[in-house]
Every structure is written in structure tokens, then in C-alpha cells.
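>>> need the 3D shape of this:
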Amino acid sequence: MRAQKPLVWLPACHRNLDLSDPGGYTVLADRYAGAVTALGLQPVLFPMAGAADVAHLLPLVDGVLLTGSPSNVEATRFGSEALATDLLDPRRDALTMALVRAAIESATPLFGVCRGLQEMNVALGGSLHQQVHAEPGLMDHREPDGEAIEVQFATRHEVKLTPGSEFEQWAGGTTVQVNSLHGQGIKRLGEGLVAEAVAPDGLVEGIRVADAPAFAFGVQWHPEWRYESNPFYARTLQAFARACAEHREAR
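Take a look at the predicted model:
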């Protein structure tokens, strides 16, 4: 029986949560799965999927949502050296580097959030600032340490949106307030990416894949956080959901 809801692939993270269990855990933050479900989509996980599995798994789904994560994209993937303080997830990197390009090429709707935006940029040949807060002229974009989660995810700064862009339509204007919970950030844009949302310090925080045959956007902020009370976040996610539904109908 065909699934009644469009299926959205959310790549999992891999962490060692229990020191007595060296095998590690495959994890996904509930807020992403919850937002996807509330939008009428069905989140799916392929816990052990790797780059070699993308070709036969991607045709099974109607969209890809690259979630945020405490881990960083490994710096060796964009020509730098990993920092000793980096929390890395090489299994996720290996999957998403292949998944980004495959989703774009197959016209599968693609949406990157926080780490997901960074994955899109690196997969398309771009690079990242490893510590945005340490770069001259750039702000500290990290969440306030030790505060309640509501404070960490509160709106923190403005972004300027490209006039005439989808972002402007979702926001209802060319400026909007967003939350900020990231250490890495875009340094050099990847091939075919267009910057359509920029923070006050010039950091690119919203991207579109130019000439993509389907929805292909990334954001540095977290629209999944209580999106139902934030019209900009809600319209962004609803646009992704519509693209997934259209993809399902087309196939």
C-alpha cells in the first residue's frame, strides 16, 4: 500500500551517549520529526545508510530535511584542519555529502537547517568558518551557554533578505528576526549557491540552489523551533511541505 503522507528523509546523527556501550547511538531531535509530522509529512530514518545507499533509498522519499546538530562538519572536507574542540560525526558527513548532490540532481525537495545549510555548502564545494565568533568583524552567533532552552532559541538578530526572493515572500518583507545557535558558518559559498539572507555582520545565513529543478534552500537559523507561533518560520516549512507533496504526486 502506498504511503498516505509524503515521506521525508531526516539523516540521523551518531553519538556515543552511554560510555558503557561503545557501539554508540543513532539519534534525531524530536523537534524536527515533530515539525515534519505536524506539517502532514512522515519523517523516516535510514539509521545505517551510507553514501553508497543514496541511489536506491532517495527514490523512496519525497523530500530531504538536513537537521541541525551539536556536531560540526569535519574541516578536512573543506581544506582545513579539525580543531581539538570539534564534536565530529564522520558517518553523517559521508552520507550528507552524497545526499545533497543526489537530491538536487533528482529534483527531490531539499531543505537544510543549521548544520544542514553547512552540509549543503560544503557538498557543493564551499568552505566554512570553524569558529565564527573568533573571526574579526563577525558576531558571536552561539546560543547563550547555560540558559533555559527557550532563551537559547529566542530570536537574536536580524537578517536582510533579497528583494523578490522566496525568503522575502515567507517573511512578508526584506528584514526579519531569527534565532542563532551555531559556531560554524559559511565562509566561501559553494558552486551554484545564491546568498539570499545575510546577518548584520555579513555572514550568509540563507541560501538557494540556483537553477535547482525543485525546492532547494538552506537556513542557518532554526525554523522548526515553535514555528506555529512564528509566521516566517511557518511559511518556510509550509513551502517545503508543499514541495514534498508535489513531488509525491509527480512520482
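
>>> quick one: contacts for the residue nearest to residue 103 when sequence neighbours are not counted?
Distances taken as C-beta to C-beta, 6 or more residues apart in numbering put residue 110 closest to residue 103, at 4.3 Å, once the chain neighbours are dropped. Yep, even glycine has a C-beta here, placed from its N, CA and C like the rest. Counting by C-beta atoms under 8 Å, 6 or more residues apart in numbering, residue 110 makes contact with 63-64, 66, 100, 103-104, 120, 209, 212, 214-217.

>>> what ranges in this protein fall below the confidence cut-off?
Residue ranges of the chain with pLDDT under 70: 1-3, 19.

>>> show me where it has its strands.
Here the chain has its strands, by DSSP state E, at 7-9, 13-15, 25-27, 42-44, 63-66, 110-113, 127-129, 157-161, 175-178, 185-188, 193-198, 204-209, 216-219.

>>> buried among the contacts of residue 110? Make that a ChimeraX selection.
Buried residues among the contacts of residue 110 (16 or more other C-beta atoms under 10 Å), as a ChimeraX selection:
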select :63,64,66,100,103,104,120,209,212,214,215,216,217
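
>>> between the contacts of residue 110, which is closest to residue 31?
residue 66 (14.4 Å; C-beta to C-beta).

>>> show me where the protein has its helices.
Remark: helices assigned in the chain by DSSP state H are 30-38, 54-57, 90-105, 115-123, 149-152, 166-171, 231-250.

>>> check contacts around the residue nearest to residue 72 when sequence neighbours are not counted.
Leaving aside its chain neighbours, residue 72 sits nearest to residue 86 (4.9 Å; criterion: C-beta to C-beta, 6+ apart). If you count contacts by C-beta under 8 Å, 6+ apart, residue 86 has them with 71-72, 74-75, 130.

>>> ok, residue 86 to residue 118 distance?
According to C-beta to C-beta, to the nearest Å, residue 86 stands 13 Å off from residue 118.

>>> again, but for residue 132
Applying C-beta to C-beta to residue 132 and residue 118 gives a distance of 11 Å.

>>> over to residue 64?
Counting by C-beta to C-beta - residue 64 and residue 118 are separated by 15 Å.

>>> repeat that for residue 230.
For residue 230, the distance to residue 118 - C-beta to C-beta - is 22 Å.

>>> of these two, who's got more company?
residue 118 (28 against 18; other C-beta atoms under 10 Å).

>>> quick one: residues contacting the more buried one.
Applying C-beta under 8 Å, 6+ apart, the residues near residue 118 are 73, 112, 128, 184-186.

>>> which of these sits closest to residue 195?
Nearest to residue 195, judged by C-beta to C-beta, of the contacts of residue 118 is residue 186 at 8.0 Å.

>>> need the contact list for that closest one.
Applying C-beta under 8 Å, 6+ apart, the residues near residue 186 are 117-118, 121, 126, 128-129, 203-205, 207, 220.

>>> mind picking the two most distant members of the residues you listed?
Longest span within the contacts of residue 186, C-beta to C-beta: 129 and 207, 15.0 Å.

>>> so which of those two has more stuff around it?
Shown here are residue 129 and residue 207; by other C-beta under 10 Å, residue 207 has more neighbours (27 against 19).

>>> contact partners for the more buried one?
112, 117, 120-121, 186, 189, 193-197, 217-219.
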